[in-house]
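Participant: Starting from these lines, generate the structure:
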Amino acid sequence: GMAGAGGAFSLPQPTMDILQALRAAGEGRGSMPSVGDGTWLGALKAAVEPLQIAVAITDMTVPGVTVHYCNGGFTRVTGYPKYEVEGRNCRFLQGDRTEPNIVSKMVRALRKKKELLVKVTNYRKNGSRFTNDLSLTPVMDTNGEYRYSLGVLSCAEEQTPDEQQALATLRGLLPRRMPAAAQPSTFETNVVHVDE
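Facilitator: Coordinates of the predicted model:
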């Protein structure tokens with residue numbers, strides 16, 4: 001469809017094209033899309049940067065489970081600007097009413113490379129509370145290394161039908177596998193510690 005036809009949250013066609021190309025490349029069915037800086041991460045950033053939906057990319061080869069990149073949608077949902085998010089662990093969104101059992105589920109999903117969809121109480125930069133409709137999608141490379149976790153966040157209380165549709169579409173389109181050669185690993189080690 002036309003970008004914008006489904007409201008502010010419809011996924012732009014270029015985003016869908018890039019994500020579909022990344023999925024195909026990860027499955028050995030096509031070449032990498034020629035967008036961004038030519039790397040896998042560059043292409044993924046190009047796909048999610050224009051979205052109103054919040055996306056955070058965590059590099060699982062780096063100790064500490066810190067956010068490598070977040071898009072403008074992340075700032076829209078949480079109030080935190082990029083420079084306050086990138087390089088930090090996402091637990092800064094937690095607060096008094098954040099459910100410890102759900103946090104444990106998130107930690108387990110990250111450790112075990114499992115997809116997860118949860119609703120968790122989080123806090124914006126201004127201190128206001130919101131229910132975070134959160135998904136975590138693990139990305140393995142073709143060598144079997146656990147490379148990234150893709151977080152998609154949304155304020156459950158403010159979701160419109162078009163945002164719900166866009167969230168479902170985006171979550172379905174996210175790549176789960178990547179060609180190992182398409183993105184040099186930050187560290188060659190595969191030791192990831194996830195702290196509770």
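
Participant: What is the burial count for residue 183?
Facilitator: 22 (other CB atoms under 10 Å). C-beta: built from backbone N, CA, C; applies to glycine.

Participant: If we ignore the residues flanking it in sequence, what's nearest it?
Facilitator: Nearest residue to residue 183, sequence neighbours excluded (CB to CB, 6 or more residues apart in numbering): residue 40, at 4.0 Å.

Participant: measure residue 170 to residue 125 for me?
Facilitator: Between residue 170 and residue 125 the distance, using CB to CB, to the nearest Å, works out to 23 Å.

Participant: More neighbours: these two, which one.
Facilitator: residue 170 (24 against 14).

Participant: Can you verify residue 52 is assigned to a strand?
Facilitator: No: using DSSP: H, G, I helix; E, B strand; the rest coil, the assignment for residue 52 is coil, not a strand.

Participant: My understanding was that it contacts residue 76; is that so?
Facilitator: Yes: Residue 52 lies in contact with residue 76 (CB atoms under 8 Å); the separation is 6.2 Å.

Participant: okay, these two: which has more neighbours?
Facilitator: residue 52 (17 against 13).

Participant: who's in contact with that one?
Facilitator: Counting by CB atoms under 8 Å, 6 or more residues apart in numbering, residue 52 makes contact with 8-9, 72-73, 76, 163.

Participant: go on, residue 166?
Facilitator: 6, 9-11, 53.

Participant: thinking again about what came up before, can you tell me which of the contacts of residue 52 are classed as buried?
Facilitator: Using 16 or more other CB atoms under 10 Å as the burial test, those include 9, 72-73, 163 as buried.

Participant: Which pair of these spans the longest distance?
Facilitator: The span of the buried ones among the contacts of residue 52, defined through CB to CB, is set by 72 and 163 at 15.2 Å.

Participant: Now residue 81, what are its backbone angles?
Facilitator: Residue 81 adopts backbone torsions of phi -70, psi 160, taken as degrees, to the nearest 10.

Participant: So residue 183 sits against residue 41, correct?
Facilitator: Yes: between residue 183 and residue 41 there is a contact under CB under 8 Å: 5.4 Å.

Participant: That concludes my questions; thank you for your assistance.
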